[in-house]
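S.K.: after the sequence you'll find the predicted model.
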Amino acid sequence: LVSAISVAMSSVAFAESLTVGFSQVGSESGWRAAETSVAKTEAQKRGITLKIADGQQKQENQIKAVRSFIAQGVDAIFIAPVVQTGWEPVLQEAKSAKIPVFLLDRAIKVKDDSLYLAVVTADNVLEGQLIGDWLVKTVGDKPCNVVELQGTVGASVAIDRKKGFADAIAKAHNIKIIRSQSGDFTRSKGKEVMESFIKAENNGKNICMVFAHNDDMAIGAIQAIKEAGLKPGKDILTGSIDGVPDIYKAMLAGEANANVELTPNMAGPAFDALAKYKKDGTVPTKIIKTQSKLFLPADAQTELDKKSGMGY
Ligand code: AHR
């Protein structure tokens, strides 16, 4: 018992001495705000000092923040990379300074993957696939024209979700993506782009479904559909990713149809892996995967109830 207590105490004391710099994408969505808030709570639980820099959706700001964390000599750097390319030089600098880097929720493309220790992420291709499979099942043989609201151009999650959805509907010749544009993961851009899709497609009458790469864009789209005099969830089906409270509320109101939840707790698993790494050099698995699950309106109340205390 005494040794168990002293191990527990030494790991708490150890975690207390850690300082982590987190270069966050920004605050473009409800999910993103929750991820930031959960990161703070998870750091506090472990006695870790967390310094957060808001990149305001710009890679140059994120790179500056990472350089500043390196100069401050933090124990580790977390990055939620806004886009997937262009990270080699700054990661090389972190590596030379012997500062381990964890990627949160989005992946990057680098030739040398020793430039980061691990990435905590969902299977984003699977997320798109789950929505696509649901649509195939839901519409059966009926023709279905889909409009797609993509996430930030160049973001790994947008690329992967697009691919997963396209793969899933490829086998159904009655389902076609007729328009696809970025709404930058924001509610306002999602609404704006959906308005233009509706105008271009016979006041929305040619549209059967909107696939939004995140919930905030879906909520914006729902607003646009209502303003066009159509019923979201009925005249135009919706499918999106994140699981923010507002999408479950929309489901309960009959205005949203399918959702894949993405946990906002990306920092917790990274802190745990970091603590082990610092303690005895345990190298984490390269991809620390979070779960992806499809939820439908029948699950909405239960899922909404679970969201309290999750940073939303
Ligand atoms: O990288 C995760 C995505 O980024 C979330 O789905 C979206 O809401 C956020 O902006």
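M.R.: Nice, I can see it. Residues are numbered from 1 along each chain as shown.
S.K.: state the helix or strand in which residue 197 lies.
M.R.: helix 187-200 (DSSP states H and E).
S.K.: enumerate the residues of the chain near the ligand.
M.R.: Residues of the chain lying close to the ligand (C-beta under 6 Å from any ligand atom) are 28-29, 31-32, 105-106, 157, 185, 214, 216, 241-242, 262. To be clear about C-beta, it is placed using only N, CA and C from the backbone, and glycine gets the same treatment.
S.K.: and the residues you listed, which two are furthest apart?
M.R.: 106 and 216 (16.0 Å; C-beta to C-beta).
S.K.: the more surrounded of those two?
M.R.: A count of neighbours by other C-beta atoms under 10 Å puts residue 216 above the other of residue 106 and residue 216, at 30 against 24.
S.K.: ok, the more buried one - contacts?
M.R.: 28, 29, 30, 31, 185, 186, 187, 190, 242, 244 (C-beta atoms under 8 Å, 6 or more residues apart in numbering).
S.K.: re the thing from before, now the residues of the chain next to the ligand in JSON lines, with pLDDT, secondary structure and distance to residue 117?
M.R.: Putting the residues of the chain next to the ligand into JSON lines (pLDDT from 0 to 100; DSSP: H, G, I helix; E, B strand; the rest coil; distance: C-beta to C-beta, whole Å) gives the following:
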{"residue": "28", "pLDDT": "97", "secondary structure": "coil", "distance to residue 117": "26"}
{"residue": "29", "pLDDT": "98", "secondary structure": "coil", "distance to residue 117": "26"}
{"residue": "31", "pLDDT": "98", "secondary structure": "helix", "distance to residue 117": "24"}
{"residue": "32", "pLDDT": "98", "secondary structure": "helix", "distance to residue 117": "23"}
{"residue": "105", "pLDDT": "97", "secondary structure": "coil", "distance to residue 117": "15"}
{"residue": "106", "pLDDT": "98", "secondary structure": "coil", "distance to residue 117": "16"}
{"residue": "157", "pLDDT": "98", "secondary structure": "helix", "distance to residue 117": "20"}
{"residue": "185", "pLDDT": "98", "secondary structure": "coil", "distance to residue 117": "26"}
{"residue": "214", "pLDDT": "98", "secondary structure": "coil", "distance to residue 117": "27"}
{"residue": "216", "pLDDT": "98", "secondary structure": "helix", "distance to residue 117": "30"}
{"residue": "241", "pLDDT": "98", "secondary structure": "strand", "distance to residue 117": "26"}
{"residue": "242", "pLDDT": "98", "secondary structure": "strand", "distance to residue 117": "26"}
{"residue": "262", "pLDDT": "98", "secondary structure": "coil", "distance to residue 117": "22"}
